[in-house]
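In: sequence-free structure coming up:
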């Protein structure tokens, strides 16, 4: 006699298959307990493809659609309820396969109601009825095959046996064991301990745990996370287990299962396992503690899960690592992969399995922390890190503080166990795998920390691909592209198109009152990516051609046609950073620097001559000739005063325009004559420096310039407090005098650099260009009142939106690069900036 | 923009009758892009000059250009307000409609009278320099004087601007002289972005009448008129570095390579050799990596042994040309399924190019930076893993045999390198070792005892 079914536990992520004859109440039940979108019904699919829920002729097409929907939903991790009769094993088989493919648990709900009830309900249906013989057959088939459901692959089977159960049973959604997203730690994740008890206690002490307490705990409530392989090989297996078991029981630690625990558990269960790889030592030590201890250990191991998803999904821990598609999933395959890693089925010369380098291909957003394979030193690769630094082999026991991402290690007291093969030393600090077109081509979304999801249209990606693949530098260098910058709204002042007033009020409205105004140099934008030496370039960027840096334009092309000039300038920068102590101060051997290179004519010689100088030459000549002819006619007494006056005015405009562009031109030869005006250090090892306040950047760069002044140009600046009229006036006067002397103008930025987050960020800066400079943008005659009035009607919305999105992508690229994420994750952001730059927008802004 | 027309045939003031503009008055009309004025700086019996001066509205002009050409973002900094161009032709037609139609009610006898005329154009853009100016005006009976205008007197090394101060003189009827200016100013300028519109072009050509047909440069005249056209690659053009026109640069490079190699008909031979190799390999499914405008694809689809072709190129413009060349839009569904074109780049892995029997790469690798060839090899041989690869590249040793090529020069402006035979062989070796292919190398084109063939081809087999 079975007890009445009162509740059904359904894993939050999984497949639920309703099995029952027509009329057994499946659809009504499903509608009562699940959201409409969670239910995939065969009737509904029939209607979708063939307009009629009962049309049996479209059944194959309807099921094809049903399977596709189920597959996609499971792939995306959505609970999915299949509402079809599913009475035959072959109907269920294809669904089980989908659950296996996507590594989710399948639950069967069997609607085993009396046949009479089914027939009665079927008869009551107004819209349609199923032939009675069909219902009889369905009912019999289900009865016959229901016993085998677990064997078919359903993790749980619930049978609803009566109408009252059907009405009263409740559905309880349960979390998967591995789902600890609610737990944000902070954590101290500890690599493979292998019985190194003394080292473990030392490490815990180092991490700030009170090791005299029982059980060991952290005064600030941090949690230790053991990555598995606590046992075997080392001298203190039992003691290590005691520490871990007591901490886990007290909630001061989490532990995941390692392959060594798994094997130990089988040995404890009396299974016939090889006593190799240090298992014999464990068994010996456990035996000495008596059978009760062994039982406790067995219970502890049984309670361990193979991986955890922690901290809102940002962190995944698994003994041997885990590819992204298996995070938070549950299946035999996931368990095996988490325990042993993915292997190619081959073994190496030491007889150990050759690992598939899942980390090299890893592109996930979650950081994956793992152990299992000893490495000489823990290092981030594509946002994954292996913490097994071979403590038991005489290496170190290593921990990672999360979310701080700091590494803490203690050296092993001695070599407790002889290694079979040397620690793998091939783990690179950079990604080695290639970029795929799927990462960039077509419509794309890039999730950014600053602005959420940024969308890149297919047409834009397509344009960017051509430039990126044909003209840009090696993508491994290209970790950043600068965003576009918008001007503030047009000024209403007579004789001005742009004026500081509007820049200030833009930030005032955004609630930002601490600003910095930086002199804007009229040259060409350049991003300098510089490593301390070629070895650093190789280890951090994977560049092997002996280059120790690149200078790129705002579209990612090499700044100089021949490599010599870039080398000289990079060396200049390197020496300045050396002299100012920047490398050591920041603990980095590479830097990304944002700068303007002068003169303008160096990079834009073609444009200067073909456009700017040509227009000047044409204007000067034609207006001179016109003046001459006009004076001839006026000499004859013809009334041409106002035309002559306008012509004179035009000639003056052209003259001032020629003066304006000439200021930005001088002869250069290679690097000779080039001046660098760096204004921001974007990133260095371990930190996106762009988050630091602008004053820090400028001080740092001032230090470079005073240490090594040749070939640099200082960026003048003024701090502005918008609440102080004096401060605003002072900055405005500074701008006026600078621009009247021919300067391009200034950029106004929030002092603290990045303001806001989560989709609402203040513009990182707006430019405010001088009257004289703007002649080369809007043409010689733009200041004529009739022209100026029309030019004020420019629309800025699109430009500002682009500026924000590109900025968010740029910072995201740096964040990802600094976090050692996969090259493709960095590249998609940089590619996105380039793609957005191909959007049509007024180029004069 | 400015032009002056001077008559020195007494009574020179008759010019006023012919132009229907009184020498002692100023006439101004609105010409859409600004105000055109006619006045006479000089009006004596021996010398009478009518000047047309157009005050262009630069902001209005920039905006109208933007409207006419979606996405075409011409800068406000623009020579148009100052130089004699098609817009001046429009102004002349507006001001002198009657004169150009050959009417002179007051003095009808003057219409067919040839006068000693001088035309002064202080700033004319001349594509092709003073030589073109002469070729256009001298056959019409003018003497031509042209002074180049320096770009910037402060920067002498920059040299001359594309503009000339021009003076042409000859004995002409006023009507003809106006017609000549009307038609030839846009031809001299030859700026495709500044055509007013299709109707205007038709009008200009009609105005030319008989003398255009008998002009020895009639071909140049009509060709330059036909050079306008859509700016297809707008998005790309916005990513061009300042002043660089991707299309123009690409056209220029292609032209250069063709000119160098043309005497050998090398391009044809290359395609033939590759198609032969594909046939010898047994055909099947073929992917052409870097298919360009589809010249090899065109041959491959005609091969009975080839069951499916995929053309990959990074350039959307090239793919559009290939689409037209292969008439893809007109093929039946069954044929259409056998041919496809996709944008792709060989420095990215691409699941769409996996699993083909043969991959062809005709003159492709030399367009990739040499440091990135490793990635290309990994993508093609390691990831796409075709059954065979047919690959061609120039043989640098042969360059000495080309007439139009300097000894150190490369055949194409975008070639990042060209290899000698031993360099190519070394690379083929390393690729075959790394990815488990065997290979053989052959030459395409005439075989020189010292330098080998102009093109080298490698066939890799798995």
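Out: Done, it's in. Keep in mind the model is a prediction, meaning the values are calculated, not measured.

In: so what's the nearest residue to residue B:215 once chain neighbours are set aside up against?
Out: Ranked by CB to CB, 6 or more residues apart in numbering or on different chains and with sequence neighbours excluded, the top spatial neighbour of residue B:215 is residue B:139, at 6.0 Å. To be clear about C-beta, it is placed using only N, CA and C from the backbone, and glycine gets the same treatment. Going by CB atoms under 8 Å, 6 or more residues apart in numbering or on different chains, residue B:139 touches B:215, B:216, B:217.

In: tell me the pLDDT of residue B:139.
Out: Predicted confidence (pLDDT) at residue B:139: the value is 94.

In: cool, residue B:247 as well?
Out: Residue B:247 carries a pLDDT value of 48.

In: domains of chain B?
Out: B:2-231, B:255-461 (automatic domain parsing).

In: let me have these in TSV, extended by distance to residue A:21.
Out: Listed next are the domains of chain B as TSV, based on distance: least, CB to CB, whole Å:
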stretch	distance to residue A:21
domain B:2-231	63
domain B:255-461	44
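
In: which SS state does the residue of the stretch 301-450 of chain B at minimum distance from chain A fall under?
Out: In the stretch 301-450 of chain B, the residue that lies nearest chain A is residue B:345 (3.5 Å; CB to the nearest CB). Following DSSP: H, G, I helix; E, B strand; the rest coil, we place residue B:345 in the coil state.

In: same question, the one 10 residues further on
Out: Secondary structure of residue B:355, reduced to three states by three-state DSSP: coil.

In: so who does it touch?
Out: Contacts of residue B:355 by CB under 8 Å, 6+ apart are B:285, B:384, B:385.

In: can you list the buried residues in stretch A:164-177?
Out: A:165, A:166, A:169, A:171, A:176 (16 or more other CB atoms under 10 Å in any protein chain shown).

In: farthest pair in the residues you listed?
Out: A:166 and A:176 (27.2 Å; CB to CB).

In: nearest residue to the residue of the stretch 651-800 of chain A found nearest chain B other than its sequence neighbours?
Out: Using CB to the nearest CB, residue A:779 is the residue of the stretch 651-800 of chain A that sits closest to chain B, at 3.8 Å. Spatial nearest neighbour of residue A:779, chain neighbours left out: residue B:76 (3.8 Å); criterion: CB to CB, 6+ apart.

In: can you flag which of the buried residues of stretch A:164-177 belong to helices?
Out: Within these, residues falling in helices by DSSP state H are A:165, A:166.

In: between the buried residues of stretch A:164-177, which is nearest chain B?
Out: Scanning those for proximity to chain B, where the rule is CB to the nearest CB, the winner is residue A:176, at 31.2 Å.

In: show me the contact partners of stretch A:253-260.
Out: With CB under 8 Å, 6+ apart, stretch A:253-260 has contacts from A:180, A:183, A:187, A:192, A:194, A:223-232, A:244, A:247-248, A:277-279, A:282, A:301, A:304-308, A:317-320, A:338-340, A:371-372.

In: what do you get if the cut-off is 7 Å, keeping everything else the same?
Out: Contacting residues not belonging to stretch A:253-260 are listed as A:223-232, A:244, A:247-248, A:301, A:304-308, A:317-319, A:339-340 [CB atoms under 7 Å, 6 or more residues apart in numbering or on different chains].

In: end to end, how far does that stretch reach?
Out: Start-to-end span of stretch A:253-260 (CA to CA, to the nearest Å) is 19 Å.

In: just how off-centre is that stretch within its chain?
Out: Its chain's C-alpha centre and that of stretch A:253-260 lie 28 Å apart, by CA atoms, centre = their mean, to the nearest Å.

In: for chain B, what spans make up the strands?
Out: Here chain B has its strands, by DSSP state E, at B:2-7, B:27-30, B:34-43, B:48-56, B:115-125, B:143-150, B:160-172, B:284-289, B:306-313, B:339-343, B:358-362, B:388-394, B:438-444, B:455-461.

In: now those strands in CSV, with mean pLDDT?
Out: Output for those, formatted as CSV (pLDDT from 0 to 100):
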stretch, mean pLDDT
strand B:2-7, 96
strand B:27-30, 93
strand B:34-43, 94
strand B:48-56, 95
strand B:115-125, 95
strand B:143-150, 95
strand B:160-172, 95
strand B:284-289, 96
strand B:306-313, 94
strand B:339-343, 92
strand B:358-362, 96
strand B:388-394, 96
strand B:438-444, 94
strand B:455-461, 95
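
In: hmm, back to that, can you pull the contacts of the residue nearest to residue A:779?
Out: Counting by CB under 7 Å, 6+ apart, residue B:76 touches A:778, A:779, A:782, A:844, B:58, B:59, B:62.

In: the third one against residue A:788, yeah?
Out: It stands for residue A:782. Yes. Contact criterion CB atoms under 7 Å: residue A:782 and residue A:788 qualify, at 6.4 Å.

In: look up how far residue A:379 lies from residue A:153.
Out: Taking CB to CB, to the nearest Å as the measure, residue A:153 falls 40 Å from residue A:379.

In: and if you look at residue A:143?
Out: 59 Å.

In: ok, residue A:6 next?
Out: 53 Å.

In: who has more neighbours out of those two?
Out: Between residue A:6 and residue A:379, residue A:379 has the larger neighbour count (other CB atoms under 10 Å in any protein chain shown), namely 16 against 9.

In: let me know the pLDDT of the more buried one.
Out: 84.

In: now do residue B:206
Out: With respect to pLDDT, residue B:206 scores 68.

In: same question, residue B:193
Out: 47.

In: cool, residue B:252 as well?
Out: As predicted, residue B:252 sits at a pLDDT of 55.

In: check residue A:350 too.
Out: We have a pLDDT of 60 for residue A:350.

In: what does the one 10 residues further on give?
Out: As predicted, residue A:360 sits at a pLDDT of 77.

In: quick check on it: phi, psi?
Out: Dihedral angles of residue A:360 (phi, psi; degrees, to the nearest 10) stand at phi -70, psi -30.

In: around it, how many other residues sit close by?
Out: Using other CB under 10 Å, residue A:360 is surrounded by 15 other residues.

In: from chain B, how far out is residue A:558?
Out: Relative to chain B, residue A:558 is positioned 9 Å away (CB to the nearest CB, to the nearest Å).

In: and residue A:224, by the same measure?
Out: 40 Å.

In: and if you look at residue A:401?
Out: In terms of CB to the nearest CB, residue A:401 sits 36 Å off from chain B.

In: OK, contacts around the closest residue to residue B:348 other than its chain neighbours?
Out: In space, and not counting its chain neighbours, residue B:348 is closest to residue A:437: 4.3 Å by CB to CB, 6+ apart. For residue A:437, the contacting residues are B:344, B:345, B:348, B:349, B:350, by CB under 7 Å, 6+ apart.

In: correct me, but the first one touches residue B:359?
Out: No. Proximity of residue B:344 to residue B:359 does not meet the contact threshold set by CB under 7 Å, at 12.0 Å.

In: sorry, back to before: pLDDT value on the residue nearest to residue A:779, please?
Out: For residue B:76, the pLDDT comes out at 78.

In: pLDDT below threshold where in chain A?
Out: For chain A, the stretches with pLDDT under 70 are A:1-2, A:126-128, A:343-356, A:420-433, A:758-759.

In: give the contact list for residue 142.
Out: All of this is about chain A. Taking CB under 7 Å, 6+ apart, one finds A:19, A:20, A:21, A:87, A:112 in contact with residue A:142.

In: you answered for a different chain; I wanted chain B.
Out: Residue B:142 neighbours (CB under 7 Å, 6+ apart): B:168, B:169, B:170.
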